[in-house]
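Q: sequence unknown, structure follows:
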């Protein structure tokens, strides 16, 4: 037979076990990880949306400021265009509406008085003609020899370049042609015919050379006497050419 005390102890132990299981089963449930992830993502999405809304608000404010600036610029451009139109009307000889006229009649300085009676030239209504009428007649431009002394602008390039070019170019050309012409000639020049009896050919030859060289230098010196006016380019060039021709003429006399 079972002992009553043992049975009571077993029953109490069973009750205690049952109470412990009940307490553990009634505890708070463990939170699900998937639920926590969804909550975090929702919070992050809300933060991003708030940031985007703030950026959009700033962009809208900047656009509003730009629109206001564009409106001010357009107003200033319209005012400038109106001023330009008024200036254009005044420049062409017209008058804006309401200025210088009362009941369609010009008053004050707008009335043009006739000066000189019937002999005065008729007034032209074409814009620009009054400017032509006011200009004095232009003097005719001097030509030919008269233009040499009229144009007195400084021309140092021709004043210095022509004499220097003549001094080097003319003797070089004459010397070249002298070698070409006299180099192949074996006969004495014609200037020696009159002095051949007294054997004076050498003196006559040096006399011709001296005369033409001195004449060339004299004409060349006249190039520096001419003023440095631009109108004297033509006579300066002609004088330089004359000096070169005079030097070449001595060569022709020796080659004759």
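A: Now that the structure is in, tell me what you want to look at. Predicted model only: the values in this text are computed from it and were never measured.

Q: got a list of what residue 37 touches?
A: Listed by C-beta atoms under 8 Å, 6 or more residues apart in numbering, residue 37 has no contact partners. All C-beta atoms are positioned from the backbone trio N, CA, C, and that covers glycine.

Q: Next one: it from residue 48, what distance?
A: Shown here: residue 37 relative to residue 48, a distance of 17 Å by C-beta to C-beta, to the nearest Å.

Q: Near residue 238, how many other residues are there?
A: Look at residue 238: counted by other C-beta atoms under 10 Å, it has 10 neighbours.

Q: Name the residues of the one helix or strand it maps to that are buried.
A: Assessed by DSSP states H and E, residue 238 sits inside helix 233-255. By neighbour count on 16 or more other C-beta atoms under 10 Å, the buried set for helix 233-255 is 233, 236, 239-240, 242-244, 246-251, 254.

Q: can you check stretch 220-235 too?
A: 220, 223, 226, 228, 229, 230, 231, 232, 233.

Q: rewinding a little: show me what the helix holding residue 238 packs onto, helices and strands only.
A: helix 156-182, helix 201-225 (3 or more C-beta pairs under 8 Å, 6 or more residues apart in numbering; DSSP states H and E).

Q: what residues are up against the spatially closest residue to residue 203 that is not a sequence neighbour?
A: Among residues not flanking residue 203 along the chain, residue 195 sits closest, at 7.3 Å (C-beta to C-beta, 6 or more residues apart in numbering). By C-beta under 8 Å, 6+ apart, the contact set of residue 195 is 201, 203, 204.

Q: rerun that using 10 Å as the cut-off
A: 201, 202, 203, 204, 205, 207 (C-beta atoms under 10 Å, 6 or more residues apart in numbering).

Q: Would you double-check that it falls in a strand?
A: No. Per DSSP: H, G, I helix; E, B strand; the rest coil, residue 195 lies outside any strand segment and is coil.

Q: Could you tell me the model confidence score at it?
A: On pLDDT, residue 195 comes in at 78.

Q: so how far is residue 225 from it?
A: Distance from residue 195 to residue 225, by C-beta to C-beta: 37 Å.

Q: Then residue 91?
A: Plainly put, residue 91 is 54 Å away from residue 225 if you go by C-beta to C-beta.

Q: what's the answer for residue 239, then?
A: In terms of C-beta to C-beta, residue 239 sits 9 Å off from residue 225.

Q: Also residue 175?
A: 26 Å.

Q: Can you name the residues that contact residue 156?
A: 228, 230.

Q: again but with residue 190, I slipped
A: 253, 254, 255, 256.

Q: Could you report the pLDDT at the nearest residue to the first one once chain neighbours are set aside?
A: Which is residue 253. Spatial nearest neighbour of residue 253, chain neighbours left out: residue 208 (5.3 Å); criterion: C-beta to C-beta, 6+ apart. pLDDT for residue 208: 91.

Q: what mean pLDDT does stretch 55-70 have?
A: 79.

Q: One more: stretch 237-254?
A: Stretch 237-254 shows an average pLDDT of 93 in the prediction.
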